[in-house]
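A.B. asks: Provided below for reference: sequence and predicted model.
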Amino acid sequence: MAESLVAMHSAALSTRAAISHAARPAASAARPKAVCSVAKKLSSQGKMMSGASLKSFAPAKPICRSRNATQVPTCTLSKADPAQPLSSQMTSGGWEVHKYGGTCVGSAERIKKGAQLIIDSPGDRKLLIVSAMGGVPKVTDLLLGVLAKASRRDETFNIELDALLEKHITTAEALLEGELLEKYLKVLHDDVEGLRALLKAISIAGTSTAAFSDFVVGHGELWSAQLMRSVIETLGHKSTWMDARKVITVDSTSVETNQVEVIYEESEQRMSRWFESNLDPGIIVMTGFIAETEEGVPTTLKRNGSDYSATIAGNLVSADHITIWTDVDGVYSSDPRKVKGAVCLDNLSYYEAWELSYFGASVLHPQCTTPAMKKNI
């Protein structure tokens, strides 16, 4: 169903859904009510892609309507030290948080359309979280493959690393030119040569560690975020990229599990310091998936953790909306690949969405709803 980008953006705006609660300020009351989150856009094959907004999880149960709800899944959120006030950019509201998955940044065409989409989206304060480039092959899979080969002392890891470099060079050359292209390629080459040296050491040792793995695999998001930021600037809009490792702080004892715990007090303070150093950031493009422990060790939120990154970021800036863009039409009642009668749900409570993700629905990371629930986003 090929449609123009203008038509798709119009559809996206008309179907963006909003959870409303009694305490929502009057300024947001004018937003459209929650209906099925089926904000559309084109894939490279001309098919429709969609933005599944956490605002579509309408408060069908009191859990999402009352600030005093007691049925929310437990999550420890420390408040920032009042002696260290947060940046006004974090506390004054008005933030729109978007997240693009790997399929949305899987090619030069999709990246450019995604950049234009975030430029055209409503709101003066925008924070975009991006995954590593998807497509065939996926960048994250390539990085995992390179690491596995190095750990086996298979010297062909250099060939795959070169393929990874070429994928990003080709994409960048299709999107950028001049100084922006030159700067991006320098960062890319420096990063790849650094990885090559690390992988050589891993190959000599014949083994790797979880910390090395997280460091290597996280580069996909670093490259896609910096590329998206450059494309937005190419289109004439100010943009700044944010390395999530400098903001999102996690408990080091939790990184060995699939339940990575965010230290919110420290993350809020680090986010505040980032804003103090970037007073006029324009459209912020933040890396998904990656974070840092309280000891300063790079880590990840585990595979498919970019949705979690988006809701963490939304929590930190007290966002008005969080929209997760993906290549399906929304949240289904069951897996449509296995159940013929599966239907796109018009709305969900946060509690229902949390249950679906907890029991295996792949459209949402199991932990991703909790940060948004705590701020009633």
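C.D. replies: Great, that's in hand.

A.B. asks: any idea how far residue 373 is from residue 204?
C.D. replies: Remark: distance between residue 373 and residue 204 (C-beta to C-beta, to the nearest Å) = 47 Å. Any C-beta I mention is one placed from the backbone N, CA and C, and that applies to glycine too.

A.B. asks: Pick out whichever of these two has more residues nearby.
C.D. replies: residue 373 (25 against 10; other C-beta atoms under 10 Å).

A.B. asks: Number of residues surrounding residue 341?
C.D. replies: With neighbours defined by other C-beta under 10 Å, the count for residue 341 comes to 7.

A.B. asks: Who are the contact partners of it?
C.D. replies: Taking C-beta atoms under 8 Å, 6 or more residues apart in numbering as the criterion, residue 341 is in contact with 333-334.

A.B. asks: Then residue 215?
C.D. replies: Residue 215 is in contact with 198, 298, counting by C-beta under 8 Å, 6+ apart.

A.B. asks: Touching, residue 187 and residue 225? I think so.
C.D. replies: No - under the criterion of C-beta atoms under 8 Å, residue 187 is not in contact with residue 225, lying 11.0 Å apart.

A.B. asks: Look at the two and report which has more neighbours.
C.D. replies: residue 225 (26 against 14).

A.B. asks: my read is the more buried one is in a helix, agree?
C.D. replies: Yes - looking at residue 225 with DSSP: H, G, I helix; E, B strand; the rest coil, it is inside a helix.

A.B. asks: If I look at it, what pLDDT would I see?
C.D. replies: Reading off the confidence values, residue 225 has pLDDT 98.

A.B. asks: State the pLDDT value of residue 337.
C.D. replies: Reading off the per-residue confidence, residue 337 sits at a pLDDT of 82.

A.B. asks: And for residue 330?
C.D. replies: Turning to residue 330, the model gives it a pLDDT of 80.

A.B. asks: so what's the backbone phi/psi at the nearest residue to it once chain neighbours are set aside?
C.D. replies: Nearest-residue entry for residue 330: residue 344, 4.5 Å, with adjacent residues in sequence omitted and distances by C-beta to C-beta, 6 or more residues apart in numbering. Main-chain torsions, residue 344, degrees, to the nearest 10: phi -70, psi 120.

A.B. asks: ok, now how distant is residue 344 from residue 258?
C.D. replies: Residue 344 sits 28 Å away from residue 258, taking C-beta to C-beta as the criterion.

A.B. asks: More neighbours: which of these two?
C.D. replies: Neighbours were tallied for residue 344 and for residue 258 using other C-beta under 10 Å; the higher tally belongs to residue 344 (16 against 11).

A.B. asks: Dig out what that one forms beta bridges with.
C.D. replies: When bridges are called by DSSP bridges, residue 344 pairs up with residue 332.

A.B. asks: just residue 250 next, same as before
C.D. replies: Listed by DSSP bridges, the beta-bridge partners for residue 250 are residue 262, residue 293.

A.B. asks: Distance-wise, check it relative to residue 175.
C.D. replies: Here the criterion is C-beta to C-beta. By it, residue 250 lies 32 Å from residue 175.

A.B. asks: and what of residue 376?
C.D. replies: With C-beta to C-beta as the criterion, residue 376 and residue 175 are 38 Å apart.

A.B. asks: Ok, residue 131 next?
C.D. replies: Relative to residue 175, residue 131 is positioned 17 Å away (C-beta to C-beta).

A.B. asks: Kindly report the same for residue 91.
C.D. replies: With distances defined as C-beta to C-beta, the gap from residue 91 to residue 175 amounts to 35 Å.

A.B. asks: From what I see, residue 290 and residue 221 are in contact.
C.D. replies: Yes - taking C-beta under 8 Å as the definition, residue 290 is a contact partner of residue 221 at 5.6 Å.

A.B. asks: who touches both of those two?
C.D. replies: In terms of C-beta under 8 Å, 6+ apart, residue 290 and residue 221 are both contacted by the residues residue 244.

A.B. asks: Compare these two (neighbour count), which wins?
C.D. replies: Higher neighbour count among residue 290 and residue 221: residue 221, with 30 against 27, using other C-beta under 10 Å.

A.B. asks: How about the more buried one: what's its closest non-neighbour residue?
C.D. replies: Nearest residue to residue 221 in three dimensions, chain neighbours excluded: residue 287, at 3.9 Å (C-beta to C-beta, 6+ apart).

A.B. asks: Show me what the one you found bridges to in the sheet.
C.D. replies: When bridges are assigned using DSSP bridges, the partners listed for residue 287 are residue 130.

A.B. asks: Near the closest residue to residue 174 other than its chain neighbours, how many other residues are there?
C.D. replies: Of all residues not flanking residue 174 in the chain, residue 108 sits nearest, at 3.8 Å (C-beta to C-beta, 6+ apart). Applying the criterion other C-beta under 10 Å, we find 19 residues in the vicinity of residue 108.
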